[in-house]
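Visitor: structure here, sequence nowhere to be found:
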């Protein structure tokens with residue numbers, strides 16, 4: 001993710017996510033749509049999706065309807081990202097347009113203030 005491309009979107013309502021009440025999400029749409037090339041330290045040149053900001057909000061808001069059992073080491077891991085402590089979650093969302101299941105990676109910062117970070121959707 002590149003700081004200059006991160007956007008914040010307020011949710012229509014708060015979404016309970018593993019005991020946290022999320023009101024806003026942040027994400028890098030270029031990272032979501034193009035992925036990340038670790039060797040170049042930049043986005044991949046080929047697009048893997050064409051999601052809009054509204055799509056990402058809609059995907060995240062699905063968690064308001066799910067009852068997911070988060071388990072450390074299975075779909076939830078503590079980690080350090082750029083010197084900041086976070087809990088990273090791995091979940092499945094449904095693309096309402098294609099009907100496909102997609103994987104979503106979400107970070108909740110240790111100093112949580114009603115804001116979650118969508119790392120990617122693929």
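Guide: Now that the structure is in, tell me what you want to look at. Keep in mind that what you see is a predicted model, and the values were worked out from it rather than measured.

Visitor: hey, let's count contacts and neighbours off CA atoms from now on
Guide: Noted.

Visitor: which residues of the chain fall in helices?
Guide: Assigned by DSSP state H, the helices in the chain fall at 29-34, 53-61.

Visitor: what's in contact with the longest one?
Guide: With C-alpha atoms under 8 Å, 6 or more residues apart in numbering as the test, helix 53-61 has contacts from 9, 11, 15, 25, 29, 93-95.

Visitor: repeat for the shortest one
Guide: The set of residues that contact helix 29-34 without belonging to it, under C-alpha under 8 Å, 6+ apart, is 1-2, 5-6, 43-53, 119-122.

Visitor: narrow the residues you listed to those that are buried.
Guide: With burial judged by 16 or more other C-alpha atoms under 10 Å, the buried subset of those is 1, 43-44, 53, 119-121.

Visitor: can you give me the neighbour number for the residue nearest to residue 18 when sequence neighbours are not counted?
Guide: Once flanking residues are discounted, residue 18 sits nearest to residue 70: 6.9 Å by C-alpha to C-alpha, 6 or more residues apart in numbering. Applying other C-alpha atoms under 10 Å, we find 15 residues neighbouring residue 70.
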